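J.: whatever this is, show me its structure:
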Amino acid sequence: MQFNKKSKVAFAYKNELICAGVAAGVATLFGSPVAGWLFAMEVIARKVSRPILISCTSSVLIASLFIYLIDNKRLLPYTVETWNWAALPYIIGVGILGAILALYFTKIVIHAKKLFGGIRNNFLRVNLGAVTVGILIFFLPYLYGDSYHGLHEIIEMGTQQSFTIPFGILLLLLVILKPLAASLTLGAGGDGGVFAPSIVAGAFLGVLFAQLCNTYLGTELIVLNFALFGAAATLSAAIHAPLTALFLICSIVPGGYLLFIPMAITSFTAKYLAKWCYPFNVYTYKETKLAVISRNK
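T.: Take a look at the predicted model:
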């Protein structure tokens, strides 16, 4: 009897508990309590209420303590030093490209889920996805897992060497295939999401964009900065959460908040363009469709 009462209480506060867990997890993973709090509020809750506000704030405060006590290394070891207002048109440009990449990602996730959802046999569905993703990883090891290991190497290569056709082709393949690999994983029932793939694919896009502009337009764009702009733009457009993307990407490198203004510009540009082209994302697609179906009944 006592257990039933406790389970009913837990179920009654299900949304608050989910939001608190997500906020703490993102805050600890990326070392940014603000980003964790914003992600829970912008993406998971989407409606502010006092219980959710209290639960999310409490969880990120506890997460902040863990971040302080544990040696929390930044996701990228590179330091941001400066940026130039003259790069603003290119910053907006990478924001537009990030929105297009996020739209491609959203569409391909939805189609992959529909495709694999039609396969009734669990063994066939899971192994079809595993074999396909395995083949992609065999030819492009950068696609393995969250790809953060590959991101380090790609940014280092992008900052230390000038543009070459083979490197450009590699970047283009990574930009296209990282969302595809993540979509196949999700569709087949594997563990994953859109968070890390959006950051990584967007960063690859930013490196490619900066190198192309520097080579063919004679610009002097800072490759690291544009990797971060691309990551922020793609994440913002993919989850429709520009504030989350802004604070999270600023937190993954030392000195990242120097880019606060340009990153805000690219994040909001990408989000509103993506939402204008396609009104929902991976998180809201299913519930939007269910709401439409229920209204038509």
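J.: what are the structural domain limits within this structure?
T.: 2-69, 85-291 (automatic domain parsing).
J.: nearest to residue 75, of those?
T.: Closest of the domains of the chain to residue 75 is domain 85-291, at 3.9 Å (criterion: C-beta to C-beta). To be clear about C-beta, it is placed using only N, CA and C from the backbone, and glycine gets the same treatment.
J.: now do the phi/psi pair for residue 76.
T.: Dihedral angles of residue 76 (phi, psi; degrees, to the nearest 10) stand at phi -120, psi 130.
J.: do you know how far it is from residue 258?
T.: Distance, residue 76 to residue 258, by C-beta to C-beta, to the nearest Å: 14 Å.
J.: these two: which has the busier surroundings?
T.: residue 76 (22 against 17; other C-beta atoms under 10 Å).
J.: where in the chain is pLDDT low?
T.: 1-13, 71-72, 286-297 (pLDDT under 70).
J.: can you rerun that using 80?
T.: 1-14, 46-49, 68, 70-74, 189-193, 283-297 (pLDDT under 80).
J.: that one: helices as residue ranges?
T.: Secondary structure of the chain (DSSP state H): helices located at 2-12, 14-30, 33-39, 50-69, 88-117, 122-139, 148-160, 165-187, 195-216, 223-239, 242-251, 260-277, 282-296.
J.: out of those helices, which comes closest to residue 82?
T.: Closest to residue 82 of the helices of the chain, according to C-beta to C-beta: helix 223-239, at 8.6 Å.
J.: got the angle for that closest one vs helix 242-251?
T.: Per axes from the mean of the first three to the mean of the last three C-alpha atoms, to 10 degrees, the angle that helix 223-239 makes with helix 242-251 is 150 degrees.
J.: who are the packing partners of helix 223-239?
T.: Where contact means 3 or more C-beta pairs under 8 Å, 6 or more residues apart in numbering; DSSP states H and E, helix 223-239 is packed against helix 88-117, helix 148-160, helix 195-216, helix 242-251, helix 260-277, helix 282-296.
J.: for residue 216, give its distance to residue 19.
T.: Counting by C-beta to C-beta, the gap from residue 216 to residue 19 is 46 Å.
J.: before we move on, what about residue 99?
T.: For residue 99, the distance to residue 19 - C-beta to C-beta - is 27 Å.
J.: what does residue 276 give?
T.: Distance of residue 276 to residue 19, given as C-beta to C-beta: 27 Å.
J.: likewise residue 30?
T.: Using C-beta to C-beta, residue 30 is found at 17 Å from residue 19.
J.: circling back: nearest to residue 81, of the helices of the chain?
T.: Among the helices of the chain, helix 223-239 comes nearest to residue 81, with 8.7 Å by C-beta to C-beta.
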